[in-house]
Each structure stands twice: as C-alpha cells, then as structure tokens.
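**Student:** I would like to see how this sequence folds:
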Amino acid sequence: MAIFSPATEIRQCEPQTLPQRHRQGLEEIIGGWVAKPHSRPYMAYLKRKTCKGEETCGGFLVQEDFVLTAAHCADGDITVLLGAHNVRRDEETQQQVSVRRKIPHPRYNETSFENDLMLLQLAELAELTDAVYTIPLPQAGRTVDPGSVCSVAGWGRTSLNSMRTSNILHEVDLEVMSDKTCQEDGLLQHYYKPLKMMCVGDPAEDKASFSGDSGGPLVCDRTAQGIVSFGKRNGSPPRVFTRVSGYIPWIKKTMRGLNSPGSHAESPASLH
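**Tutor:** Sure thing, here's the model as predicted:
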C-alpha cells in the first residue's frame, strides 16, 4: 500500500525500483481559494520535461538568479516561470527563465525524505517587478511557534477526487503543529526529523497542501520558513515541510560559491 506522497511525482524512463510506499505523488492545495493575482511575487512555477511528458513543481525566488524548491523536483529539464497567475495564459507579467544549474542538497535522501531542498541557478537574472520579487529567508536556526498560522500557495490539485492540476494559483492558511503531532502519527513518525522538518496542518481540519505544490514555500510572517515536501498519500494533514532555517548556511554558501551577483531586497509588493 502506498503510504507517502511527496508533492510531485518523479517519473523515470527506467523501471521504477523504489518501494511502492516511496513513489511520489502530486501535491495540491486542498480547502483553499484562488489567490489575488500577483500577490505572491516570489512564486515560481517549474515545468519539468521528463521522458514521459511534462511534470510540475513549485518554487520561490530567493535571489534574482536563484529559486529554492524541493530536491525531489530535480528530475527532468526544468524551465522556471515567474510572475504567473494563470500558467496557461500568456500574461504580460510572466518571465520564463531557463535553469543553468540544479543543486540538490548533497545529503538529500529520497527514501527518508531528509534534506529535501534544492537550489536552481537561473541562466539569467530575473527582472524584479511588482509581479516578480524575492522573499526573505529566516535566520539560521529560527523556529516557528506551534499554533502559528502560515500560508501555502501552488498550482497543484485542488481536490482529492481529481488528478488535474490548477492553471490558477491557489492558496490556503495552515496551522503549524508541534513536532509531537507528527512524531506520534502512525505513518509519519518513522520519517519525521524535528531539526530538519516542520509539521504543518491541523488533523481536525480539511485543509492541506497536496499534489503539484511540491517545492513551494510555507510563508510565515512574510518569510519562507518551509518547503512543501511530503505527507500521507490520502492528502490528510498534517503534512511535512523542509525546515528552511536549518539550511541557511548551506543555502548562502552555495549561492556565494557560484559567484552570484544577485542580492536580497525589500519587496515593493505585498508578501503573504
């Protein structure tokens, strides 16, 4: 029986060799609503061309030439779409940028889901506008208090009853749960690592990220605190996010090492 579903399915040309429980499914926004157009200028839509077609993930702009996303989104040739609300329309605000380098965390483990984050170095600098802007990262080691209400956005599935992803950006507010909530969950407890992960989504509520949202940010107080990673295949909360504050040294060192001319800045647009 399939137990876990990272936010995005990684399709391979070679026969699947991972145990069934580790096959990745799509991620979506369940129980959410349509986002105000371009109210989240940091959002990135990742188009991944694989041997079996086009797959998608989310991501977020952290520097003019870097997008942060999930490591399990690394499969295929990736093109980044910035400034989008409806990804199926040719909007004037959109910027399509190719990827120069994919840099998954060196200790990413596709079996345990640990260290599920990846930097994408863009082939050219994004043009910063009201519809395209960076989002701040947290201070290293900074945690988010349980009970905090944060938000997630994505172009993933919006219903458990449909495999179709959304063309339009959706968002949802989710509560950050205690580590204990995931540590005591019968299906999550063997995978959840408090120092590297965040437990998000009240089990009593019918709201969650799910398929197609993988790699997108958990935004708390205008800061990208988490990355959509994995959860139970049925989509029920809580779900697990990569804890960004645990990787700030690696993120900064990696970007510096590639001699990026980009820099962080205050956004002129409203960040949620």
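**Student:** quick one: the strands in the stretch 101-250 of the chain?
**Tutor:** 118-122, 149-154, 170-175, 197-200, 208-209, 217-220, 223-230, 239-243 (DSSP state E, counting those that start in this stretch).
**Student:** right, and Val144 touches Val200 too?
**Tutor:** No - counting by Cβ atoms under 8 Å, Val144 stays clear of Val200, with 9.2 Å between them. Just so you know, the C-beta spots here come from the backbone N, C-alpha and C atoms, and that holds for glycine as well.
**Student:** common neighbours of these two, please.
**Tutor:** 150, 176, 226 (Cβ atoms under 8 Å, 6 or more residues apart in numbering).
**Student:** the helix or strand bottoming out on mean pLDDT in the chain: what's the following helix or strand?
**Tutor:** Taking mean pLDDT, DSSP states H and E as the measure, the chain has strand 29-30 as its least confident helix or strand, at a mean of 56. Following strand 29-30 in sequence order, the next helix or strand is strand 33-34 (DSSP states H and E).
**Student:** helices or strands up against the helix or strand just after that next one?
**Tutor:** Sequence order places strand 43-50 as the next helix or strand after strand 33-34, per DSSP H and E. Judged by 3 or more Cβ pairs under 8 Å, 6 or more residues apart in numbering; DSSP states H and E, the packing partners of strand 43-50 are strand 53-63, strand 66-69, strand 77-82.
**Student:** picking that back up, just put the strands of the stretch 101-250 of the chain in TSV and tack on mean neighbour count, mean pLDDT and distance to Gln94.
**Tutor:** Compiled in TSV, the strands of the stretch 101-250 of the chain are given as follows (neighbours: other Cβ atoms under 10 Å; pLDDT from 0 to 100; distance: least, Cβ to Cβ, whole Å):
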stretch	mean neighbour count	mean pLDDT	distance to Gln94
strand 118-122	23	98	14
strand 149-154	23	94	16
strand 170-175	21	93	18
strand 197-200	27	98	29
strand 208-209	32	62	23
strand 217-220	26	98	19
strand 223-230	27	97	21
strand 239-243	28	96	27
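**Student:** out of those, flag the one nearest Leu46.
**Tutor:** Proximity to Leu46, assessed across the strands of the stretch 101-250 of the chain by Cβ to Cβ, is greatest for strand 118-122 (7.8 Å).
**Student:** elements contacting the closest one?
**Tutor:** strand 66-69, strand 77-82, strand 95-104, helix 248-257.
**Student:** the shortest one pairs with which strands?
**Tutor:** What it means is strand 66-69. Sheet pairing for strand 66-69, assigned by DSSP bridges, gives strand 53-63 (antiparallel), strand 118-122 (antiparallel).
**Student:** any buried residues in the first one, and which?
**Tutor:** Residues of strand 53-63 classed as buried: 55-63 (neighbour count, 16 or more other Cβ atoms under 10 Å).
**Student:** which pair of those spans the longest distance?
**Tutor:** Glu55 and Gln63, at 24.7 Å, using Cβ to Cβ across the buried residues of strand 53-63.
**Student:** run through who's touching stretch 243-251.
**Tutor:** In contact with stretch 243-251 (Cβ under 8 Å, 6+ apart) are residues 62, 68, 105, 115, 117, 119, 137-143, 195-198, 217, 224-227.
**Student:** just the residues contacting stretch 126-140, thanks.
**Tutor:** Residues contacting stretch 126-140 (Cβ under 8 Å, 6+ apart): 38, 41-42, 60-65, 82-83, 93, 95, 97, 217, 219, 222-225, 244-246, 248-249, 251, 264-265, 267-269, 271.
**Student:** check contacts around Gly226.
**Tutor:** Here Gly226 is in contact with 144, 150, 198, 200, 217-218, 220, 241-244 (Cβ under 8 Å, 6+ apart).
**Student:** hmm, back to that, any chance of the helices and strands packed on strand 43-50 in a markdown table, plus distance to Ala123 and mean pLDDT?
**Tutor:** Converted to a markdown table, the helices and strands packed on strand 43-50 look like this (distance: least, Cβ to Cβ, whole Å; pLDDT from 0 to 100):
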| stretch | distance to Ala123 | mean pLDDT |
| --- | --- | --- |
| strand 53-63 | 14 | 93 |
| strand 66-69 | 12 | 98 |
| strand 77-82 | 9 | 97 |
